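> Quick one, what's the 3D model for this:
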Amino acid sequence: MSSFQPGSASAQTVMLNLRPLSIGEVLDRAFSIVFKNLLSFVALVIVVIGPEIVLNYLGFKDVLGVMGDPLNSTFGAPAPGAMDPTRMLAAYANGLPYFLALFAFALVVVPLSNAAVVSGVSRAYLGLPVRFADCYRDAVSRWLPLLGLMLLWFVAACVGVISSTIAFVGLGAALSLIIKFLGIPGAVLSALIGIAIGVAILLLTLDLYLAAAFSFVAAVLERLGAGAAFSSGFQRVFGEGQFWRSVGTAAAIFGIVVGFWIVGAALGGAAAALTHSYGLNFLLSGLINTITYPFIFAVVGVSYYDVRIRREGFDLHMLAAQLAAPAQPSATGQ
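Now for the predicted structure:
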């Protein structure tokens, strides 16, 4: 039986806390969720990060040997400044099978890990225990819709890149004409237009990231199909005055990623300087990612609930009861 019961004190506390939050409160709750369940989240992520580290290392092993990494080279290997381009190309070619295996692994397994973390964050937020088996059971049941959703976002990204390229070419031609006919004032005007467009693209990119993240959460928690989840992400980020709040949330997530990246780069640089081993960077990077992902998904998950409470008057009590309930056998199953 689950520890979450509708009339329990913990349930009442959780439901009272399900209210609209400021971005600061979203971050506070997300960090609290991760710190309280850090080992559970690490377990959910490490089953993917571990094999990724191994495949990455095997793929770059020969490259690191050419670079003079003592973990991968023998006595007499060339110093980093004397790398042979031919040997380097051959080293990358040797690693190609591992890179392909890494791509296939990421395509098949990474969505499951992400979905499991989403389930874990949701369970923790609703006062439920975060159990490895429960989270991956939720994830496996949504694997095919998640693959479809990934495909939709890939197509959308390709269309966006092509459209942006065409738009930039046209814009560049227009700005060139402005400069040609107006001279220095035209150059100043073109620079201002370029800055404004750059800022707009940055804001739009942040919100598109959050829309993608919300769509994956919806696919897991609401059990939506790929198309419905895809559209729900846009509706919850760009609809009803949510744009600027979504920008703030996405910027906070970006700040978390940058913060962990700086920590990882500093640790990796220090380790490389002390041990002269580039291979150690792969291990440290993987460990940092193991901790980074839960924080990112926690912010996304809490923000997702906040948006639904604000826009939809969402009653999370029903979802909590659904997650807490044991799986029921099919009426026709034997």
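> For the strand or helix carrying residue 30, buried residues please.
Assigned by DSSP states H and E, residue 30 belongs to helix 23-36. The neighbour-count check on helix 23-36 (16 or more other C-beta atoms under 10 Å) flags 26, 27, 29, 30, 33, 34 as buried. All C-beta spots, glycine's among them, are computed from the backbone N, C-alpha and C.
> State the pair within these that is farthest apart.
Based on C-beta to C-beta, the longest span within the buried residues of helix 23-36 runs between 26 and 34 and measures 12.8 Å.
> tally of neighbours for residue 57?
19 (other C-beta atoms under 10 Å).
> Can you read off the pLDDT for it?
Reported pLDDT at residue 57 in the predicted model: 82.
> just to revisit the earlier point, so what does the helix holding residue 30 touch, helix or strand wise?
Here helix 23-36 touches helix 85-125, helix 243-275, helix 279-312, going by 3 or more C-beta pairs under 8 Å, 6 or more residues apart in numbering; DSSP states H and E.
> and if we set it to 10 Å?
The contact analysis (3 or more C-beta pairs under 10 Å, 6 or more residues apart in numbering; DSSP states H and E) places helix 23-36 against helix 38-67, helix 85-125, helix 243-275, helix 279-312.
> Could you point out which of those sits nearest residue 179?
Among the helices and strands packed on helix 23-36, the nearest to residue 179 by C-beta to C-beta is helix 243-275 (31.1 Å).
> Centre of the chain to the closest one, how far?
13 Å (C-alpha atoms, centre = their mean, to the nearest Å).
> what ranges of this protein fall below the confidence cut-off?
Within the chain, the stretches with pLDDT under 70 are 1-19, 68-84, 276-279, 313-334.
> Kindly provide the distance from the residue of it most remote from its centre to residue 189.
Most distant from the centre of the chain: residue 181, at 45.9 Å, with distances by C-alpha atoms, centre = their mean. Distance of residue 181 to residue 189, given as C-beta to C-beta, to the nearest Å: 11 Å.
> ditto for residue 260
Counting by C-beta to C-beta, the gap from residue 260 to residue 189 is 40 Å.
> Compare these two and say which is more crowded by neighbours.
Taking neighbours as other C-beta under 10 Å, residue 260 and residue 189 compare with residue 260 leading, 17 against 14.
> quick one: the more buried one and residue 296 touch, right?
Yes. Assessed by C-beta atoms under 10 Å, residue 260 is found in contact with residue 296 at 9.0 Å.
> Give me the contacts around stretch 180-196.
171, 172, 174, 175, 176, 177, 178, 179 (C-beta atoms under 10 Å, 6 or more residues apart in numbering).
> Name the nearest residue to residue 268, ignoring sequence neighbours.
residue 281 (4.1 Å; C-beta to C-beta, 6 or more residues apart in numbering).
> From residue 46, how far off is the one you found?
For residue 281 relative to residue 46 (C-beta to C-beta), the value is 18 Å.
> More neighbours: these two, which one.
Ranked by neighbour count (other C-beta under 10 Å), residue 281 and residue 46 place residue 281 first, with 20 against 16.
> OK, contacts around the more buried one?
Contact partners of residue 281, counting by C-beta under 10 Å, 6+ apart, are 57, 60, 64, 69, 264, 265, 267, 268, 269, 271, 272.
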